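Student: Task: produce atomic coordinates for the following.
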Amino acid sequence: MYTEEVLKAALLSGVAIVITAAIYSKKKKKAVSPPSSSVLFRDVLERNTRNLIDDTENAEERAKAIADAQELESRTKHGVLRCDYEFNPTRGDIGNPDSFTSGARPVIIKVEGWTFEAAQRGLGPKSQYPASEFRLKDKDGNPDPYWTKLWEAIPQRSGYRQVTSKSSGRMHDQGYFAPEDYSKGVVMRYDPAAVEEKMRTAVKKLTDAGVCGITADVGYSQQFQQSVSDMTSVPVMLSSLQQLSLIAHMYNFRTQSNKVLVLTANSSTFDPKAMIPGEMPSEAVEIMGLQDLLFGKWVAGGNSFTRLAKDAYDAGASVQAAVEELSTAVQARKAQLEGEGGGGGRVVALVLECTELPQYANALRRRAGVPVYDAMTAVGCLRAAAGFAQYSAYRM
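Tutor: Just a heads-up that it's a prediction; the model follows:
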């Protein structure tokens, strides 16, 4: 049987490991038989065990190596800027700490006033932050359940004002609602300067917390990449779309007509000019909106996903209910793009814009047969650069 110290070293890899022989249980202090004879990631356990033994000469050295590795893993704490939005993210979403099975837990800060709608609008022509608004009562005096839910999720708000007329400036400054909602209802507004200051405060808190990098829980945050980078000294990769800067140089897009298929929850609000990094050839990017699928409809409704359909409680939203339709639609679109009517070339990668899409990454990788880049692979880059590496020596 493996000793506890060797198992601890192997478990630093961070994957869920099942071994057929036995698993040491800290709680019961005895070997526990696994429920199945199948072995998942046994090779990871065995390789880590071998690496630890190869790099050390005795128990004392192994103990030090484990302590050093654990100290490195504690540095993988990353920061998440969360929209001023309210739902329960399921595992796989960047906003759910359970998405990270190893290393330090993330630090998640909701940016007051930075609504999902504000993130969609992006920055103004002179890099001004977008305004955000909350309609607490409509023109008839009826409470707005959606906006009230969001508003009440932060108990002590500040920096906002009630407005009685709709702003008609540029897109980043425009009001959200009908004119009569302002004059007869109740609308609270964060002006652009207030939203920027709230963002700056949140970024400072994450930086002061010692995070290894900063990301965000909305793909549209790509439009804020440079702004947030300028606010901190730690690396920033807000959106999965930032990975397109690297992908642009990984494949031949010049002579082979290769393509990258970008999946977004709603293509009608996706502006490629604002969202796609300049390094990526625009003709090589295909945008696929999912707004007509169950997944897209549930995201648009702000519904919270469960894993299994039987546990769904919010409009029936579940990963199980969405995965087949979503995967089939993506396979069909990929085949279309690679067919005669698609201009030739291959779809060489998928990029998942929405932070609620990583739950389906395994299905898409298996069925589409191409690399899939998402919010988790983006933040994984930040964490991997800061944490313990299985390939490196245990001598530190």
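
Student: mind giving me the domain split of the protein?
Tutor: 4-55, 79-112+197-239, 116-195, 241-374 (automatic domain parsing).

Student: Those into JSON lines, with extra columns for distance to Glu71?
Tutor: No exception for glycine: its C-beta is placed from N, CA and C like everyone else's. Compiled in JSON lines, the domains of the chain are given as follows (distance: least, Cβ to Cβ, whole Å):
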{"stretch": "domain 4-55", "distance to Glu71": "11"}
{"stretch": "domain 79-112+197-239", "distance to Glu71": "11"}
{"stretch": "domain 116-195", "distance to Glu71": "35"}
{"stretch": "domain 241-374", "distance to Glu71": "28"}
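
Student: right, so those: which one is the most enclosed?
Tutor: Neighbour counts (mean count of other Cβ atoms under 10 Å) averaged over each of the domains of the chain peak at domain 79-112+197-239, with a mean of 20.

Student: Tabulate the domains of the chain (CSV), appending mean pLDDT and distance to Gln70.
Tutor: Formatted as CSV, the domains of the chain follow (pLDDT from 0 to 100; distance: least, Cβ to Cβ, whole Å):
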stretch, mean pLDDT, distance to Gln70
domain 4-55, 57, 7
domain 79-112+197-239, 96, 10
domain 116-195, 96, 35
domain 241-374, 95, 26
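
Student: among the ones you listed, which is nearest Leu382?
Tutor: domain 79-112+197-239 (3.2 Å; Cβ to Cβ).

Student: before we move on, back to that, can you tell which of the domains of the chain is closest to Phe388?
Tutor: domain 4-55 (5.6 Å).

Student: And the helices in the stretch 251-396 of the chain, which stretches?
Tutor: Under the criterion DSSP state H, counting those that start in this stretch, helices of the stretch 251-396 of the chain are mapped to 272-275, 294-300, 319-338, 361-368, 375-386.

Student: can you tell which of those is closest to Arg47?
Tutor: Judging the helices of the stretch 251-396 of the chain by Cβ to Cβ, what sits closest to Arg47 is helix 375-386, at 17.0 Å.

Student: list the buried ones in that closest one?
Tutor: Ala375, Met376, Thr377, Ala378, Val379, Gly380, Cys381, Leu382, Arg383, Ala386 (16 or more other Cβ atoms under 10 Å).

Student: Between those, which sits nearest Gln359?
Tutor: Distances from Gln359 to the buried residues of helix 375-386, taken by Cβ to Cβ, are shortest for Met376, at 9.7 Å.

Student: The closest residue to that closest one other than its chain neighbours and Gly278: what is the separation?
Tutor: Excluding the flanking residues, the one nearest Met376 by Cβ to Cβ, 6 or more residues apart in numbering is Pro358, at 4.7 Å. Per Cβ to Cβ, to the nearest Å, Pro358 is found 25 Å from Gly278.

Student: And the helices of the stretch 251-396 of the chain: which comes nearest Asp54?
Tutor: helix 375-386 (21.8 Å).

Student: Taking helix 361-368 as reference, get the angle to that closest one.
Tutor: 110 degrees (axes from the mean of the first three to the mean of the last three Cα atoms, to 10 degrees).

Student: And helix 375-386, what does it pack against?
Tutor: strand 214-216 (3 or more Cβ pairs under 8 Å, 6 or more residues apart in numbering; DSSP states H and E).
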